[in-house]
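# sequence unknown, structure follows:
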């Protein structure tokens, strides 16, 4: 009986601790580097999911930016993320990220977005792949001006 009680209490404590942890909205790591065209311009292939085509395209675009900002792109000169600690940055600069992702400010750094696959119906959702061209230099400069990252070399 004591072991059963200890097990139940352990489960309650674990569940309680998990509910206290900050919830990050998950994003897909399905982002690949395509090419670097001009100085400060990069193209990425990103996959997004949503209830409809518009939502899936938007998710793909946001995924591209989140991977660039918080994960980096292995095998490229952008292999290091622009922002090192995602949790700290999102808590300290919550207004910036709310405007950037939820209000669509990321689109100011997007030079083009082209659907590179048809919308695929999956169980409970839809999937699409989008090629996104990003003005990397402008994005970096904006992050510096808003004090999310330090200026290069300082």
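Right, received. Where do you want to start? Note that the structure is a prediction, hence the values are computed from the model and not measured.
# Could you check how far the closest residue to residue 144 other than its chain neighbours is from residue 67?
Once flanking residues are discounted, residue 144 sits nearest to residue 151: 5.2 Å by Cβ to Cβ, 6 or more residues apart in numbering. Using the backbone N, CA and C atoms, a C-beta is placed for each residue, glycine as well. Residue 151 sits at a distance of 23 Å from residue 67 (criterion: Cβ to Cβ, to the nearest Å).
# Who has more neighbours out of these two?
Using other Cβ atoms under 10 Å as the criterion, residue 151 and residue 67 rank with residue 67 on top: 22 against 11.
# In three-state terms, label the more buried one for me.
Look at residue 67: counting by DSSP: H, G, I helix; E, B strand; the rest coil, its state is helix.
# Ok, residue 151 next?
Here residue 151 is recorded as coil under three-state DSSP.
# pretty sure residue 35 is in a strand, no?
Yes - read with three-state DSSP, residue 35 is one of the residues of a strand.
# Identify the residues contacting the closest residue to it other than its chain neighbours.
Excluding its sequence neighbours, the residue lying closest to residue 35 (Cβ to Cβ, 6+ apart) is residue 43, at 5.2 Å. Residues counted as contacts of residue 43 (Cβ atoms under 8 Å, 6 or more residues apart in numbering) are 33-37, 131-134.
# redo that, cut-off 7 Å
By Cβ atoms under 7 Å, 6 or more residues apart in numbering, the contact set of residue 43 is 34-35, 37, 131, 133.
# of the residues you listed, buried ones?
The neighbour count (16 or more other Cβ atoms under 10 Å) marks 131, 133 as buried among the contacts of residue 43.
# tell me the pLDDT at the nearest residue to residue 70 once chain neighbours are set aside?
Spatial nearest neighbour of residue 70, chain neighbours left out: residue 86 (4.4 Å); criterion: Cβ to Cβ, 6+ apart. In this model, residue 86 is scored at 90, pLDDT.
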